[in-house]
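> Below are the sequence and a predicted model for it; my questions follow.
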Amino acid sequence: MYRFLVVTDPESADGYRLAGVDVVEAKGPEEARTILPDLVFRDDTGIIAVKEEFMAGLDPKLLGRMERTHRPIIIPIPSGERKGEGVGYVEALLRRAIGYNIVVRR
């Protein structure tokens with residue numbers, strides 16, 4: 001059985017643990033940059049949800065490889081600080097996750 005992991009900051013980690021998810025804490029993008037390659041290439045990992053700010057700091061080669069791999073599925077966790085992007089941002093996340101453009105209508 002594959003594992004579902006969340007890579008996030010220490011402040012958010014306990015909330016994910018309460019939800020029953022395995023959590024890997026990183027204090028910032030630099031630490032996440034050293035943690036993620038090991039998690040991506042493990043055989044027992046199925047889904048990795050990563051704090052969006054941590055994804056932005058990754059090496060472009062690693063990001064490209066993560067986007068091309070079928071397992072694990074890498075999902076960015078959006079921050080609550082986004083304003084004004086709304087539906088377009090959700091559509092972009094869905095397109096990246098499933099490979100198709102989904103139009104969200106109100």
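Nice, I can see it. Here the structure is a predicted model, which means the values were calculated and not measured.

> Which parts of the protein are helices?
10-18, 29-40, 52-56, 60-68, 86-98 (DSSP state H).

> Those helices into a markdown table, with extra columns for mean neighbour count and distance to residue 2?
For every residue, glycine as well, the C-beta is placed using N, CA and C. As requested, those are exported to a markdown table (neighbours: other CB atoms under 10 Å; distance: least, CB to CB, whole Å):
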| stretch | mean neighbour count | distance to residue 2 |
| --- | --- | --- |
| helix 10-18 | 12 | 17 |
| helix 29-40 | 15 | 12 |
| helix 52-56 | 17 | 20 |
| helix 60-68 | 11 | 16 |
| helix 86-98 | 12 | 16 |
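
> Could you pull up the residues touching residue 57?
29, 30, 32, 33 (CB atoms under 8 Å, 6 or more residues apart in numbering).

> The last one contacts residue 58, doesn't it?
Yes: with contact taken as CB atoms under 8 Å, residue 33 and residue 58 are classed as touching, separated by 6.0 Å.
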